[in-house]
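Novice: Take a look and give me a structure for this.
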Amino acid sequence: MKTIKGMLLVLVCVGLAQAAVREPVGIWDFDPADPNAATQGQDLALVGTVQPAEGLGAEDGAVQIGVGSHFVCSHGVAPNGGGEKVNEWTLLVDFRYPAGSVGKFVDFFQTDPANSDDSDWTVHRDDGAIGIAAVGYSRQTGFVTAPDTWYRMVMPLDNVTRHDLFVDGQQVLTGNPQGLDGRFALEDVLLLFAANDGDDNDIIVSRVALWDVALTAGEAVALGDPNDSLFQNNKGPDVNAGPDQELEMEESGSTVVALDGTVLDDGAYSVAWTQLSGPAAVVIDDPGAEDTLATMTVPGKYVMQLTADDGQFQLSDTVVFVVHPYNYGGLIVHWDFEQAWDGLTVQDVSSHENHGYVIDGATGQALYIAEGAIGQALDLQNGDYAAGGDCIGLDMVMPDSGTLAFWYKPHAFYNYNAIFDNSVQADDWEMWVYQTGIARFRVQGGTEVSADLPQLAQGEDPLGLWWHITVTWDRLDASTVTTQVYANGFLQEAKTGPWVDPGSTFYLGGGNPGNDFAHAAVDDFRLYDRVLTANNVLELVYGENVPPEVDAGPDQAFEMDEASTPIVVALDGTVTDIGQTLVAWSKIAGPNDITFDDPQAEDTTATISAPGRYKLQLLADDGEYTGADTLMVVVHPYGYDGQIVHWDFETAAGSQVLDVSGHGSDGVIVDGPTGATQYTEGKIGQGLNLLNGDYAVGGDHVALEVRLPDSGTIALWYNPHEMYDYNTVFDNSRDADDWEMWIYSDGRMRFRVDKIDDTNFSEVTAFLHDIAPDGDARGDWFHVAVTWQRLNDTTVALKMFVNANLVDEITGPWIDPGEFFYLGGGNAGNDYAQGLVDELYVYDRPLEQLDILGLMYRGNKPPIVDAGPDLVKWMDASGQLDLTLQGSVIDDGGPDLMVEWTVISGPNDITIHDPTQPDTAVTIYYPGVYNLQIDANDGEFYAADDLFIEVYPDGYTGLIVDWSFDADTLQDFSGEGNDGTFVDGPAAEAGYVKGKSGRAWRPGNGDFATDGDYVSLNLTLPEAGTIAFWYQVNNLYNYASLYDNSLQQDDWEMWIYGDGRL
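Specialist: Model prediction:
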């Protein structure tokens, strides 16, 4: 056979121009006498050993390549395909493997020239399929290999568009291409039959060929099996049936599609269009034409095949037509669960045949139940926190914009009770329920939208109700998506955040191994390839007659005049419905009665005669459904300064905490199953004692129905009884990690508005133990004030004051607050408080420092003193420095205020021209560091602040060390006297060499030296500074130290890694 192959080469060369299959750039026939020899192209280089083996026939040689041995192929192919490597190529291998390799990986090649990774193409040990995970395996088409059988494998690939596999003239895999210059792009060499970890088991090879192009399917088929020549005068026809299409039926009940096929061949051929599948027969105008028309009369998925036959080879390609019903509205999946349960399939009744399949987990049970929201329902009985339950799979990539809508009845609330999931990864494209009953959907972190089912249940058991859930997503660009969640037809939340591509499989009820499985029933599940409108969602819940859509108008605010003239509020409501409705205005909450001019009119007026917060409702009734909306009318008292809540705790009123701001913002004491509240001695008169114990999860707290303003202040006196993690000071109904203040066990007090995830949040912090006089904050009173100012749609500025001193400020993410404010806890995701509270205020503006002082002190307030920023200055040419201090003192007035600047420390005397003025002039005569202090005394309170002035002589550059290495001693030429000392270690010999400028010093320590030569300097580095030098790298290895410090091993150091990172 080897001789015949050589003869074929000669014969083909004579008529090479007529060959239909392109010529390879390399052929290797593995003659045991010289297995490296190339029949065409460059010789191989054997690494290891090979053994002679029986080939295809008596005269055909072959070699057996064992574990650890391989060939290096220097292919000589230039980079192609638009990349820096070889991206278009074809590999042919004639091979078999012995029975001893069954159950092991049998490897074909490795693209890494260093052989530092697993092989890139293999026979899988489990079943004999050919491929690799990233591209796919031939088992997808049912093809697997067997031992002691000869095969011809042909693998044409274009890293951008295709990665195919043919065996013995038949295509057995259409794989996933791995990208330009990706895993399957070749460098200068290709390692044949190599793997790095000893799993390249025995393989017997008769021939390898390499092309510098991706052969067409017709060429690959023509190469046939191992008994066929590499040089074929006739290739098979290359067939393209055209791109897949989606269409919509015409109103007439049919649709006509264009079958637009293409065939390329080197001779005559015939074609035939046939229907492989579909819900009804397709009428093809001319099945024998490449381009023809076909008529479809029933919606569904049709697979059409174009076949070309040149008399020797017959090849085919398919095209899929998805025909939607007329006016289908984007519905592509509809599982109504009304069929008989077979335990295998969930039928799609949308006509798209997107049937789901039952995944039978190790635990749990899936079945149909009769008591659904609409007829039968799917019941997923997986139990709490199931890790291997039943679910429904659907092999479909979610569209860029879409809607999922379904009825949902949870059997239990527990954290991460999955509603649906996706194969992309554990934390993307999923919806789940917390133990609090909050249902949440996200595409990726930062897109979470939620529905609070217990709150929406309005006192009913949310586990006993069917909920209609709708989620939508709308991809805005390559990286951004808008998400929405509806409950029972009404929008609950919308958000814009980061996009991530979904996976190839959708799971109803769980499925991603990183998440728990569902314990719930589902009915009437729908998937749309568009974002449904709000009215579309209502129609899914209610049918044609949807509840009236009601808008009570925007919230309003007023201030009473000095005469307390009643306020007349214009109510401008809107009701939208398909029929007649009855409307009614009413007061839901508020401190006093109000008068509606005409309660049955959408547009009317209301008269309010006393300050307070009034919640008004507009209700509409169409005879079948009702709809309602509310607005808040806030009437401020005369002289209003932004204060909207003031609880002074001076009057016990049962379960109420009385508001003395004039707004009627009374709190309600919520009596939890644990803990207690009591009025006791406070900071000013009485205070409220929250006695919940450490880590209480159901304690007492105070609730107030109020949505905090976009900018505002919360201020209170607080006395912590104990320090433990997450000891709540106040909280909010928004989310467990939003709009909250808490204390840690180490005494840190912290406030935040929004925590998007573990890496995206901003918090302001005070260290109470550091502020406490004795270092222990327990039992001490602290006046705490936090302010926030919304800067735009996504950003808020936060400040924290303790005892009227600004301790922290930051800018971070904004999120709208919830409808309730809680003092001492209240959100089920957090612990409850153990502390004493007094004089709580809420303002609808950020208070300034002097305002906060006014809350701390009822009479005279301490002065606010600021010495100004620290300064760095240079002397002028005259040898002195004149400057003006920028101090300030703020006080609430009084004749006894005294201000004085003094010098705390410094190298020499300075002149303060008027020490009693905050913005006085000073003259400094000598360089050095000066500490000045400004103090203020109003006769009752004293306050002070320090200022540091760093003064340098004229012309000073900041240089404190200058080593040139041009002398044998390490002299400092900066003038600061910072001479270095050479330290001679036992393991090296330092010396001088030619430098960048003059001489340079080389330690000569070698790689990874642990006790070599170095230079030492007794100097504490300044708080701000620069180190600069020239450096020449002799060798790269991890932790090659450039400089270090005596502080500790991993601080104040510079080093180089083996990969060149400095």
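Novice: Determine how far the helix or strand containing residue 239 lies from the middle of the whole chain.
Specialist: Taking DSSP states H and E as the definition, one finds residue 239 inside strand 238-240. When C-alpha coordinates are averaged (Cα atoms, centre = their mean, to the nearest Å), strand 238-240 and its chain have centres 42 Å apart.
Novice: by contact count, what packs against that strand?
Specialist: Secondary-structure packing of strand 238-240 (3 or more Cβ pairs under 8 Å, 6 or more residues apart in numbering; DSSP states H and E): helix 217-222, strand 262-264, strand 300-309, strand 314-324. To be clear about C-beta, it is placed using only N, CA and C from the backbone, and glycine gets the same treatment.
Novice: partner strands of that strand, parallel or antiparallel?
Specialist: When pairs are called by DSSP bridges, strand 238-240 turns out to pair with strand 262-264 (antiparallel).
Novice: Quick one: mean pLDDT over the strand it pairs with.
Specialist: When pLDDT is averaged over strand 262-264, the result is 95.
Novice: How about stretch 316-336?
Specialist: Averaging pLDDT residue by residue across stretch 316-336 gives 93.
Novice: mean confidence score for the helix or strand following the strand holding residue 239?
Specialist: Past strand 238-240, further along toward the C-terminus, the next helix or strand under DSSP H and E is strand 245-248. Mean pLDDT, taken over the full extent of strand 245-248, equals 91.
Novice: can you list contacts of strand 245-248?
Specialist: Here strand 245-248 makes contact (Cβ atoms under 8 Å, 6 or more residues apart in numbering) with 255, 257, 319-328.
Novice: okay if I get those as CSV plus distance to residue 509 and neighbour count?
Specialist: Output for the contacts of strand 245-248, formatted as CSV (distance: Cβ to Cβ, whole Å; neighbours: other Cβ atoms under 10 Å):
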residue, distance to residue 509, neighbour count
255, 35, 19
257, 37, 19
319, 34, 20
320, 28, 16
321, 31, 21
322, 26, 18
323, 30, 26
324, 27, 21
325, 28, 16
326, 33, 14
327, 31, 8
328, 26, 17
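Novice: Looking at those residues, which is nearest residue 116?
Specialist: Nearest to residue 116 among the contacts of strand 245-248: residue 320, at 41.5 Å, using Cβ to Cβ.
Novice: right, and that closest one touches residue 300 too?
Specialist: No - shown here, residue 320 and residue 300 do not form a contact pair, counting by Cβ atoms under 8 Å, at 10.9 Å.
Novice: Flag the shaky bits of this protein, pLDDT-wise.
Specialist: Flagging of the chain using pLDDT under 70 yields the residue ranges 1-19, 385-386, 514, 695-696, 758-759, 828-829, 894, 987-988, 1006-1010.
Novice: ok, and the closest non-adjacent residue to the residue nearest the centre of it?
Specialist: Among the residues of the chain, the smallest C-alpha distance to the mean C-alpha position (Cα atoms, centre = their mean) belongs to residue 445, namely 3.8 Å. Taking Cβ to Cβ, 6 or more residues apart in numbering as the measure, residue 445 lies nearest to residue 757, with 4.6 Å between them; neighbours along the chain are not counted.
Novice: List the contacts of the strand holding residue 239.
Specialist: When contacts are taken as Cβ under 8 Å, 6+ apart, the neighbours of strand 238-240 outside the stretch itself are 216-218, 261-265, 306-308, 315-317.
Novice: any idea where the strands of the stretch 651-800 of the chain begin and end?
Specialist: 656-659, 667-670, 676-681, 686-691, 701-705, 711-720, 727-732, 740-743, 748-757, 760-767, 782-790, 795-802 (DSSP state E, counting those that start in this stretch).
Novice: The last one pairs with which strands, parallel or anti?
Specialist: When pairs are called by DSSP bridges, strand 795-802 turns out to pair with strand 782-790 (antiparallel), strand 805-813 (antiparallel).
Novice: For those strands, give me TSV that also has mean neighbour count and distance to residue 379.
Specialist: Putting the strands paired with strand 795-802 into TSV (neighbours: other Cβ atoms under 10 Å; distance: least, Cβ to Cβ, whole Å) gives the following:
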stretch	mean neighbour count	distance to residue 379
strand 782-790	22	45
strand 805-813	16	40
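Novice: Throw these into JSON lines and include distance to residue 1054, thanks.
Specialist: Converted to JSON lines, the strands paired with strand 795-802 look like this (distance: least, Cβ to Cβ, whole Å):
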{"stretch": "strand 782-790", "distance to residue 1054": "41"}
{"stretch": "strand 805-813", "distance to residue 1054": "30"}
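Novice: do you know which of those lies nearest residue 719?
Specialist: Each of those has some distance to residue 719 by Cβ to Cβ; the shortest is strand 782-790, at 7.4 Å.
Novice: So what's the residue count around the nearest residue to residue 55 once chain neighbours are set aside?
Specialist: Counting by Cβ to Cβ, 6+ apart, residue 62 is the residue found nearest to residue 55 once chain neighbours are left out, at 3.9 Å. Taking other Cβ atoms under 10 Å as the criterion, the count of residues near residue 62 is 27.
Novice: I'd like to know the beta-bridge partner residues of the residue nearest to residue 445.
Specialist: What pairs with residue 757, by the bridge criterion (DSSP bridges), is residue 760.
Novice: change the start of the numbering to 44 and stick with it
Specialist: Fine by me, first position is 44 from now on; the one you just mentioned is residue 800.
Novice: Might one say that it is in contact with residue 490?
Specialist: No - using Cβ under 8 Å, residue 800 and residue 490 do not qualify as a contacting pair, with a distance of 10.8 Å.
Novice: And the two? Which one has more around it.
Specialist: Using other Cβ under 10 Å as the criterion, residue 800 and residue 490 rank with residue 490 on top: 23 against 12.
Novice: so who does that one touch?
Specialist: Under the criterion of Cβ under 8 Å, 6+ apart, the contact list for residue 490 reads 516, 524, 526, 538-541.
Novice: got the residues you listed as JSON lines, with neighbour count, secondary structure and distance to residue 154 columns?
Specialist: What follows is those, written out as JSON lines (neighbours: other Cβ atoms under 10 Å; DSSP: H, G, I helix; E, B strand; the rest coil; distance: Cβ to Cβ, whole Å):
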{"residue": "516", "neighbour count": "24", "secondary structure": "strand", "distance to residue 154": "38"}
{"residue": "524", "neighbour count": "22", "secondary structure": "strand", "distance to residue 154": "36"}
{"residue": "526", "neighbour count": "21", "secondary structure": "strand", "distance to residue 154": "40"}
{"residue": "538", "neighbour count": "19", "secondary structure": "strand", "distance to residue 154": "43"}
{"residue": "539", "neighbour count": "15", "secondary structure": "strand", "distance to residue 154": "41"}
{"residue": "540", "neighbour count": "19", "secondary structure": "strand", "distance to residue 154": "38"}
{"residue": "541", "neighbour count": "14", "secondary structure": "strand", "distance to residue 154": "33"}
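Novice: ok, of the residues you listed, which one's closest to residue 253?
Specialist: Lowest distance from residue 253 to the contacts of residue 490 (Cβ to Cβ) belongs to residue 541, with 43.1 Å.
Novice: Next one: the closest one from residue 534, what distance?
Specialist: 21 Å (Cβ to Cβ, to the nearest Å).
Novice: Residue 187 too?
Specialist: 52 Å.
Novice: Also residue 430?
Specialist: For residue 430, the distance to residue 534 - Cβ to Cβ - is 34 Å.
Novice: now residue 171
Specialist: The separation that residue 171 has from residue 534, given Cβ to Cβ, amounts to 54 Å.
Novice: more crowded one of these two?
Specialist: For residue 171 against residue 534, the residue with the higher neighbour count under other Cβ under 10 Å is residue 171, and the figures read 21 against 15.
Novice: So what touches stretch 1004-1014?
Specialist: Outside stretch 1004-1014, the residues that touch it by Cβ under 8 Å, 6+ apart are 1015-1017, 1019, 1021-1025, 1035, 1038, 1041-1044, 1058, 1060, 1062.
Novice: go with 10 Å
Specialist: 1015-1025, 1035-1036, 1038, 1040-1045, 1058-1060, 1062, 1064, 1068, 1070, 1072-1073 (Cβ atoms under 10 Å, 6 or more residues apart in numbering).
Novice: Look at residue 898 and tell me its secondary structure.
Specialist: Using DSSP: H, G, I helix; E, B strand; the rest coil, the structure places residue 898 in helix.
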